[in-house]
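> Could you look at this predicted model? Sequence included:
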Amino acid sequence: MNFNLVFALYSCLLGFLVGALASLFLALSNLLIHLVWTTVPEQLDTSLYPFWICLFGGLLIGLFQTYIGDYPRTMHQTLEEFKTTGRVTYEGAVVKNTVAALLVLTFGASLGPEAALISILGGLMTWVGDRMTWTLQKKEQLLELGIGAMLSTIFYAPLIGVSEAFEDGVTRANFKHKSVKIVLYGLTTACGIFAFTTINRLFPHEVLFSISTPKVNWTWEVLYFLIPAILIGTGFGYLFVMFGHLTDTVARKYPHPLGLAVTAGAVLGLFGTLSSYFLFSGEHKILEFSRIAFDQSVFFLISIAVGKAFLTHICFSFGWRGGKIFPAVFSSTAMAFVLASFFPYTPGLLIAVSVAASCTVILKQPFVTATLLLFLFPLQFFPFILLVAVLIKPLSVRLEGRA
């Protein structure tokens, strides 16, 4: 990567664009969610409202996919298209991705906004690149920076983009290349977070993506339970992945978009009538949930963990496209609280290492996982989180290979 002032300037401008885009998109989706889930229910008197509104959402999403197309695009589809063609389609696709993503998020899908935002960003970056005399390599680098900044912004994890540079390893031969890439990631992310937080202050918003853990009170007994915590997290991560394979198989056997989307809406609505924690991706609810988790029954915690993991893949495979990272962290946290409720020895650490193991199996990127959880848990736990993520990576690859 040739580090020059002009490209660095473009990287900063990209960061501002990413932050502003993410903030405006989330503000619009939150407004629609408030309208559908707060304003309208206040005028009605029915305990089955979640079921009927999710079913209606499934109908709209199914009709959209039947007559408009398979939107929103997933993160994998966006990256694969760019790798194959050197560009991301934007002619009409940006609007379609935006509308489809807003439908999915508004009607309560257990999915996050990151996949849709990255597909929208990819289209916009290709549009910009078509109007500038950049090489394909420069376009690819800019898209990588934009994706890193987008993930860092919406997950409140500034180091995610930087951690991407380490996933393939840093050798002496590519040290300079990696170092420059890290600097550009840092510039882009800083500008993105600045734009995001500045614009976010203009709109009413809730505290996002934060976990309330018990006060850190170190006890030596916790050492006995670190291995069980890691095993439980690893097992749950594997279960999360297996749910994805199962729902994908079912969706391939019954490839009717309208029927699949309505089915997903019905299932989501049924679960939603049981608990609001099953609805949405979880970034707004994880703090609230962590504050009341120790007061809940083990059955309730396991139900939320397994149910949300299952719903995430039902939604995704059946046409309600979106990101899986937020619900993966939420459901993994719910399962981790099960162990911590039985063995209250430095419970925050048990929760942290269990979630780290689970998310590493799901994401298969230990440094990304560690930086994602860096500000989610007390800083004292980060060395344990990083160590667990690095150790679990080979196991996660082996488990996926056998799936």
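Received it, and whenever you're ready, just let me know what you need. Numbering: from 1, shown residues only.

> Tell me how far Leu48 lies from Ser276.
14 Å (CB to CB, to the nearest Å). From N, CA and C alone the C-beta is placed, and that goes for glycine too.

> any weak-confidence spans in the chain?
1-3, 45, 86, 129, 131-140, 155-181, 203-210, 212-216, 395-403 (pLDDT under 70).

> contacting residues for the most centrally placed residue in it?
With distances taken as CA atoms, centre = their mean, Ile325 lies nearest the centre of the chain, 2.7 Å away. Shown in contact with Ile325 (CB atoms under 8 Å, 6 or more residues apart in numbering): Gly112, Glu114, Phe155, Leu363, Leu372.

> Looking at those, which is nearest Phe294?
Nearest to Phe294 out of these is Leu372 (CB to CB; 23.7 Å).

> for Gly112, phi and psi?
phi -100, psi 170 (degrees, to the nearest 10).

> Contacts only, for it.
Per CB under 8 Å, 6+ apart, neighbours of Gly112: Ile154, Ser281, Glu283, Gly322, Gly323, Lys324, Ile325, Phe326, Pro327.

> can you give me the helices for the stretch 201-350 of the chain?
Remark: helices assigned in the stretch 201-350 of the chain by DSSP state H, counting those that start in this stretch are 223-253, 257-274, 286-292, 298-317, 325-342, 347-363.

> any chance of the ones you listed in a markdown table, plus distance to Val6?
Output for the helices of the stretch 201-350 of the chain, formatted as a markdown table (distance: least, CB to CB, whole Å):
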| stretch | distance to Val6 |
| --- | --- |
| helix 223-253 | 42 |
| helix 257-274 | 45 |
| helix 286-292 | 41 |
| helix 298-317 | 39 |
| helix 325-342 | 33 |
| helix 347-363 | 34 |
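
> Single out the most deeply packed of those.
helix 347-363 (a mean of 28; mean count of other CB atoms under 10 Å).

> could you say what helices and strands that helix packs with?
Helix 347-363 sits against helix 223-253, helix 325-342, helix 366-373, helix 382-402, with contacts defined as 3 or more CB pairs under 8 Å, 6 or more residues apart in numbering; DSSP states H and E.

> Only alpha carbons, please: show that helix as CSV.
Extracted in CSV, the C-alpha atoms of helix 347-363 (Å, rounded to 0.1, in the frame of the first residue of the first chain):
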residue,chain,number,x,y,z
PRO,A,347,-18.5,-13.9,37.7
GLY,A,348,-17.6,-11.1,35.3
LEU,A,349,-14.5,-13.0,34.2
LEU,A,350,-16.4,-16.3,33.7
ILE,A,351,-18.9,-14.4,31.5
ALA,A,352,-16.1,-12.7,29.6
VAL,A,353,-14.1,-15.8,28.7
SER,A,354,-17.2,-17.8,27.9
VAL,A,355,-18.4,-15.1,25.5
ALA,A,356,-14.9,-14.8,24.0
ALA,A,357,-14.8,-18.5,23.3
SER,A,358,-18.3,-18.6,21.8
CYS,A,359,-17.7,-15.5,19.5
THR,A,360,-14.3,-16.8,18.3
VAL,A,361,-16.0,-20.0,17.2
ILE,A,362,-18.7,-18.0,15.4
LEU,A,363,-16.5,-15.3,13.9
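
> from the chain's centre, how far out does that helix sit?
15 Å (CA atoms, centre = their mean, to the nearest Å).

> could you check the angle helix 325-342 makes with it?
In terms of direction (axes from the mean of the first three to the mean of the last three CA atoms, to 10 degrees), helix 347-363 departs from helix 325-342 by 140 degrees.

> Hey, what's the angle from helix 347-363 to helix 223-253? Just curious.
30 degrees.

> just the angle between helix 347-363 and helix 366-373, please?
130 degrees.

> For stretch 375-391, measure first residue to last.
Across stretch 375-391, the terminal residues are separated by 21 Å (CA to CA, to the nearest Å).

> thinking again about what came up before, which one among the contacts of Gly112 gets closest to Thr98?
Gly322 (12.9 Å).

> Pull the contacting residues for Ala352.
Thr213, Ala336, Leu373, Phe377, Pro378, Phe381, Phe384, Ile385.

> if I look at it, how far off is Phe367?
In terms of CB to CB, Ala352 sits 16 Å off from Phe367.

> number of nearby residues for Gln296?
16 (other CB atoms under 10 Å).

> picking up where we left off before, right, so of the helices of the stretch 201-350 of the chain, which gets closest to Phe56?
Short answer: helix 257-274, nearest of the helices of the stretch 201-350 of the chain by CB to CB, at 7.3 Å.

> roughly how far out does the closest one sit from the chain middle?
21 Å.

> Name the surrounding residues that touch it.
For helix 257-274, using CB under 8 Å, 6+ apart, the contacting residues are 47-48, 50-59, 61-63, 65-66, 70, 107-110, 251, 254, 278-279, 307, 311, 314-315, 317-320.

> Over to stretch 90-104?
25, 28-29, 32, 57, 60-61, 64-65, 68-69, 71-73, 111, 113, 116-117, 119-120, 123-124, 126-127, 315, 320-322.

> Out of these, list just those in helices.
The members of these that map onto helices under DSSP state H are 25, 28-29, 32, 57, 60-61, 64-65, 116-117, 119-120, 123-124, 126-127, 315.

> Out of the residues you listed, which end up buried?
The neighbour-count test (16 or more other CB atoms under 10 Å) applied to the ones in helices among the contacts of stretch 90-104 identifies 25, 29, 57, 60-61, 64-65, 116-117, 119-120, 123-124, 126, 315 as buried.
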